[in-house]
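Trainee: Curious how this folds, go ahead:
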Amino acid sequence: MTQRNFGLDALRALAVAGVLAAHLSIWILETGSWSDDSIAKWAAISFTGGFFGVELFFVLSGYLMGVVAIRDFSSGINLQTLKAYYTKRVMRVVPAYYAAVILLGVAAWTLHSPGPSYRHFIFFYSPTEAEPFFPIGWTLSVQMLFYLIVPFFFLPQKRLALVTTGILTFYTARLLYALYGGGEFEMLHRLPGLRIDGLLVGLLVTVIGHEVPALFRIFTTRVSTILLAILVMIPAYIMADQFVNHIEIRTHWSPALWANLFLWIPLAIALMLPGLEKHLSAPPLIAKIVMLLSIGSYGFYLVHQDIFALTRKTELIGNAPWGPFIGVPLAFICAYLLYRSVEKPFMQRRKK
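Mentor: Okay, the predicted model is just below:
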């Protein structure tokens, strides 16, 4: 088995937990089946976990992709290395995605719920939050666009300058849209071309580690990790407080503020990664559990939101307060089956 790093596994599991908490909170608040005020307050705070969970997923993807790209393009970029790179990316992402869309679609049609359309098989399609089927697909659009352009940053030897320029370019585009293009939150939040810098900052940290190791070592210290964690926790606390007080921050906060947050929060998270990767550790049993959660994170991320929605469609469960105790294990079981039957076989094939 490939050697794994507990710190990165733990961060991936944390991202899953954040997204899970957010979508569970939607379930709880929409059904109104949990009337206790403290539970409703927890559900409101959990929205913050979803926001930061997605940003963490983006940053981790960029960070790890930097390792892959440095390895794959170490001998230069040509048709052979490009073919190998894109083949591996497709085999890692596409089979599980299509399997999830098809299986969830069959379940949706069985329950007389809206299923997939041809648009769900196009990765550069960004569904809106109101999309009844596979609303989480917008993040895959961002990720696939990132995979597509990664080789560009490894063409010459000036990778650090290119990645930095890329971050500033996409950030500027988002800021200009926020100031002069209407600034709708859903566009700022979901349009692939306006969110890709969240992955590029992860790539930037990997490139720094490869090209400026002295600077990278600064970010591996406990002091810098703690300071960066505080920078992340401040907006997290403010967001949670606003949610608890029923303030709709997506419209209450200015588009320009969101345009900046979508860069500065991922950047702070990305700069924490070297320290967390180095210092996080756990006893073997906990490390094993975290590793399993990390391995199944992609499948769980793909299926959980639709499984929650479809579970609520059944006559047995509906809006019952115990519904989440069925929906969450069911999502993990489906994620495990997806990993064993689709993800793992294709990952083994791409290594040959």
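Trainee: I'd guessed residue 225 sits against residue 219; true?
Mentor: Yes: judged on C-beta atoms under 8 Å, residue 225 makes contact with residue 219 at a distance of 7.4 Å. All C-beta spots, glycine's among them, are computed from the backbone N, C-alpha and C.
Trainee: In this protein, what helix or strand scores lowest on average pLDDT?
Mentor: Lowest on mean pLDDT, DSSP states H and E among the helices and strands of the chain sits helix 249-252, with a mean of 76.
Trainee: between residue 225 and residue 219, what contacts are shared?
Mentor: The overlap between the contact sets of residue 225 and residue 219 (C-beta atoms under 8 Å, 6 or more residues apart in numbering) consists of 272, 275.
Trainee: Select the longest helix from the chain.
Mentor: As assigned by DSSP state H, the longest helix anywhere in the chain is helix 37-72.
Trainee: rewinding a little: just list what the helix or strand following the least confident helix or strand of the chain packs against, helices and strands only.
Mentor: Counting by DSSP states H and E, the element after helix 249-252 in chain order, helix or strand, is helix 255-279. For helix 255-279, the elements it packs on are helix 6-31, helix 37-72, helix 159-180, helix 185-190, helix 197-211, helix 222-244, judged by 3 or more C-beta pairs under 8 Å, 6 or more residues apart in numbering; DSSP states H and E.
Trainee: what kind of secondary structure is residue 315 in?
Mentor: Classification of residue 315 using DSSP: H, G, I helix; E, B strand; the rest coil returns coil.
Trainee: what's the burial count for it?
Mentor: Look at residue 315: counted by other C-beta atoms under 10 Å, it has 6 neighbours.
Trainee: how far out from the middle of the chain is the least confident helix or strand of the chain?
Mentor: Offset of helix 249-252 from its chain centre (C-alpha atoms, centre = their mean, to the nearest Å): 22 Å.
Trainee: quick one: the closest residue to residue 100 other than its chain neighbours and residue 309, what's the gap?
Mentor: Spatially, and ignoring its direct neighbours in sequence, residue 100 is nearest to residue 302 (4.1 Å; C-beta to C-beta, 6 or more residues apart in numbering). Separation of residue 302 from residue 309 (C-beta to C-beta, to the nearest Å) stands at 14 Å.
Trainee: cool, and residue 225?
Mentor: Relative to residue 309, residue 225 is positioned 38 Å away (C-beta to C-beta).
Trainee: so where is the stretch 101-250 of the chain shaky, pLDDT-wise?
Mentor: Applying pLDDT under 70 to the stretch 101-250 of the chain flags residues 124-130, 244, 246.
Trainee: switch to 90 and redo it
Mentor: The model of the stretch 101-250 of the chain has pLDDT under 90 over residues 111-141, 154-159, 179-195, 215-216, 218-250.
Trainee: winner for burial among the helices and strands packed on helix 255-279?
Mentor: Comparing the helices and strands packed on helix 255-279 by mean neighbour count (mean count of other C-beta atoms under 10 Å), helix 197-211 ranks first with a mean of 24.
Trainee: Which other helices and strands does that one contact?
Mentor: helix 37-72, helix 137-149, helix 159-180, helix 213-218, helix 255-279.
Trainee: In the fourth one, which residues are buried?
Mentor: To tie it back to what came earlier, the one meant is helix 213-218. residue 216 (16 or more other C-beta atoms under 10 Å).
Trainee: The last one too?
Mentor: With burial defined by 16+ other C-beta under 10 Å, the residues of helix 255-279 counted as buried are 255, 258-259, 261-263, 265-278.
Trainee: chain center to it, what's the gap?
Mentor: From the chain centre to the centre of helix 255-279 is a distance of 13 Å (C-alpha atoms, centre = their mean).
Trainee: Grab the most central residue of the chain for me.
Mentor: Nearest to the mean C-alpha position of the chain, by C-alpha atoms, centre = their mean, lies residue 57 at 3.0 Å.
Trainee: For that one, give its distance to residue 106.
Mentor: To residue 106, residue 57 is 26 Å away according to C-beta to C-beta.
Trainee: can you check residue 207 too?
Mentor: Distance of residue 207 to residue 106, computed by C-beta to C-beta: 43 Å.
Trainee: in which helix or strand would I find residue 306?
Mentor: According to DSSP H and E, residue 306 maps onto helix 297-313.
Trainee: after that helix, next one along is what?
Mentor: That would be, after helix 297-313 and using DSSP H and E, helix 324-338.
Trainee: Show me what that next one is packed against.
Mentor: Using 3+ C-beta pairs under 8 Å, 6+ apart: helix 324-338 touches helix 6-31, helix 79-110, helix 297-313.
Trainee: Please give the centre-to-centre distance between the second one and its chain.
Mentor: Relative to the chain's own centre, helix 79-110 is displaced by 16 Å; criterion: C-alpha atoms, centre = their mean.
Trainee: Pull out the buried residues from it.
Mentor: Using 16+ other C-beta under 10 Å as the test for burial, helix 79-110 gives 81, 85, 88-89, 91-93, 95-97, 99-101, 103-105, 107-108.
Trainee: tell me the contacts of residue 174?
Mentor: Shown in contact with residue 174 (C-beta under 8 Å, 6+ apart): 188, 194, 195, 197, 259, 262, 263.
Trainee: How about the contacts made by the closest residue to the fourth one other than its chain neighbours?
Mentor: In this case it means residue 197. Distances taken as C-beta to C-beta, 6+ apart place residue 170 nearest to residue 197, at 4.1 Å, with adjacent residues excluded. By C-beta under 8 Å, 6+ apart, the contact list for residue 170 reads 193, 194, 195, 196, 197, 200.
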